[in-house]
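Colleague: Pasted the sequence and its predicted model underneath.
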Amino acid sequence: MSRGIKIGIAAVAGAVVIVPIVAIVIFLFFIRLFPTEASPEPQREIALENHGSLIIDALKYGRSEHGFSQRAGYRPAESSQIEWFGELSDGVEPQIYFSGPLVIVIDLPGGCLFVRNPTAQEKWKCLALLFPNDLGPSFPISFYAEKNGLTTDDVSRINELGSRRAQKWPTTYIQSFDPKTRDLRCDYHLDNKSWWRLRLRLSEDGTHFALVELGEPSTCCR
């Protein structure tokens, strides 16, 4: 093999080694010169008036009929432990109330209440404002009673209203919660023009609702 060929092979081999190293150095230089935007914080912490914190985990999310949801947790005051209790709708700030020892977190789009009782064996209870025909006719009354904490008789009374609907409609909208009386006021929609007012009362231990008032129907054009 001639001396010229040997020199050519050595030059090619050197280029194969040196060029990637130079490319990496240039890449790192430009990253340092023009830093990319920082990735979002994996967790968002909301300070509460009882010195606890509500934790929103942006890396743990799912999808529901209301859009995206993110895993939510609660850190009690002077504690490093997070109690993960469910998912909250993304893009809408949850409403947080305190009633005696209870911590109530309300997810408005999802129509859910997450209630913490520090003395209960299972500290967190989820009450979902679902009523018959919301998920289809195949679910029994007892299924909804278990989900929202009402009695089967109360759910049956509300079901009589729902059967008057001509079509499925997003049914229950939370309007207000009074932490003193623990009364939850809702609008139960029959269709896109009429609804009934519901007043539910959360029990002292935060485990179930009672149907306090079934108001007169209201109508409005939308």
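Modeller: Nice, I can see it. Computed from a predicted model, the values in this text were never measured in an experiment. Numbering: from 1, shown residues only.

Colleague: So Phe131 versus Pro179, what's the distance?
Modeller: 24 Å (CB to CB, to the nearest Å). Glycine gets a C-beta too; all of them are placed from N, C-alpha and C.

Colleague: More neighbours: these two, which one.
Modeller: A count of neighbours by other CB atoms under 10 Å puts Phe131 above the other of Phe131 and Pro179, at 23 against 14.

Colleague: Okay, domains of this structure per the record?
Modeller: As assigned by automatic domain parsing, the chain contains the domains 1-36, 43-219.

Colleague: Could you work out the end-to-end span of the last one for me?
Modeller: I take that to be domain 43-219. Start-to-end span of domain 43-219 (CA to CA, to the nearest Å) is 42 Å.

Colleague: Adjust the sequence numbering to begin at 36 for everything that follows.
Modeller: With the count now opening at 36, the last piece we talked about shows up as domain 78-254.

Colleague: average pLDDT for that domain?
Modeller: Mean pLDDT, computed over domain 78-254, is 88.

Colleague: so who does the most centrally placed residue in the chain touch?
Modeller: Of all residues in the chain, the one closest to the mean position by CA atoms, centre = their mean is Leu123, 1.1 Å from it. Neighbouring residues of Leu123 by CB atoms under 8 Å, 6 or more residues apart in numbering: 91, 104-105, 107, 129, 140, 142, 145.

Colleague: need those in JSON lines with neighbour count and distance to Trp231, can you?
Modeller: As requested, the contacts of Leu123 are exported to JSON lines (neighbours: other CB atoms under 10 Å; distance: CB to CB, whole Å):
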{"residue": "Ile91", "neighbour count": "21", "distance to Trp231": "33"}
{"residue": "Ser104", "neighbour count": "21", "distance to Trp231": "27"}
{"residue": "Gln105", "neighbour count": "19", "distance to Trp231": "32"}
{"residue": "Ala107", "neighbour count": "24", "distance to Trp231": "30"}
{"residue": "Pro129", "neighbour count": "19", "distance to Trp231": "25"}
{"residue": "Val140", "neighbour count": "22", "distance to Trp231": "26"}
{"residue": "Asp142", "neighbour count": "23", "distance to Trp231": "22"}
{"residue": "Gly145", "neighbour count": "23", "distance to Trp231": "20"}
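
Colleague: thinking again about what came up before, among the domains of the chain, which is the most enclosed?
Modeller: Mean neighbours per residue, mean count of other CB atoms under 10 Å, is largest over these for domain 78-254, with a mean of 16.

Colleague: I'm done for today, thanks for sticking with me.
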